[in-house]
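# any chance you could fold what I've pasted below:
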Amino acid sequence: MKTKLSLLFYLKKPRNYQDGSIPIYLRVTVDGKRSEIETGRECEPKVWNAAAGRMLGNKEAVKSLNAYLGNLEQQFLDAQASLFREGELATAESIKNRFLGIGPKQRMLMAVIVEHNRRLHSLIGQEYAVGTFKRYEVLRRHTENFLKANYNVTDFDIRRIDFAFIADYEFYLRSVRKMGNKLW
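Below you'll find the model as predicted:
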């Protein structure tokens, strides 16, 4: 799904502004929703071209500032493109967060399994038997060994689990761990 993205560089005067340079901001607008970020650069209002969103002049400092703003603009476009590639919703806030490196909290597979087992352990005698807990601990160990053997990692982002991961895990359990479809 395509969304309309608009990027605008503008000067934002502080409340008690008297004279001098003003901070340059970037406004990201997606489908009418806005988000802004300070660029970390400043400009004199008299040399700012509001229509172009750039500084006026031919000096090296002006070219450098305009090139920085162009680079910043490209990074925001790249952030939007990466959100599209990952199938995530591209909003003004999500594009800004992607640019800043702020993302959704990762849920890791081993952390979820450990938390599950901790909760299950607290319910032994009420809802679960000790044997059930032991089986889930075996699952934890097998999963750790699988991740180490196939991916050379100790944990795995849940969002990356796909059909290939599940098929590889099943193959690992059947071939390496020699597990089958036994009826208990």
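
# for this structure, longest helix please?
Taking DSSP state H as the criterion, the chain has its longest helix at helix 60-85.

# which elements pack onto it?
Packing partners of helix 60-85 (3 or more Cβ pairs under 8 Å, 6 or more residues apart in numbering; DSSP states H and E): strand 5-11, strand 22-30, strand 33-43, strand 54-55, helix 92-100. Quick note: C-beta positions are derived from backbone N, CA and C, even for glycine.

# tell me the strands beside the shortest one, with direction?
In the sheet containing strand 54-55, the strands it pairs with under DSSP bridges are strand 48-49 (antiparallel).

# distance from the partner strand to the middle of the chain?
Centroid separation for strand 48-49 versus its chain: 34 Å, with Cα atoms, centre = their mean, to the nearest Å.

# which residues does it contact?
11, 54, 55, 56 (Cβ atoms under 8 Å, 6 or more residues apart in numbering).

# next, count neighbours for residue 42.
13 (other Cβ atoms under 10 Å).

# need the contact list for it.
With Cβ under 8 Å, 6+ apart, residue 42 has these contacts: 21, 22, 23, 24.

# would you mind measuring from the closest residue to the first one other than its chain neighbours to residue 65?
Spelled out, that is residue 21. Excluding the flanking residues, the one nearest residue 21 by Cβ to Cβ, 6 or more residues apart in numbering is residue 42, at 3.7 Å. Distance of residue 42 to residue 65, computed by Cβ to Cβ, to the nearest Å: 9 Å.

# domain assignment for the protein?
As given by automatic domain parsing, the domain ranges for the chain are 5-100, 109-175.

# okay, the ones you listed in a markdown table with mean pLDDT next?
Output for these, formatted as a markdown table (pLDDT from 0 to 100):
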| stretch | mean pLDDT |
| --- | --- |
| domain 5-100 | 90 |
| domain 109-175 | 93 |
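
# would JSON lines of those with distance to residue 181 be doable?
Output for the domains of the chain, formatted as JSON lines (distance: least, Cβ to Cβ, whole Å):
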{"stretch": "domain 5-100", "distance to residue 181": "34"}
{"stretch": "domain 109-175", "distance to residue 181": "9"}
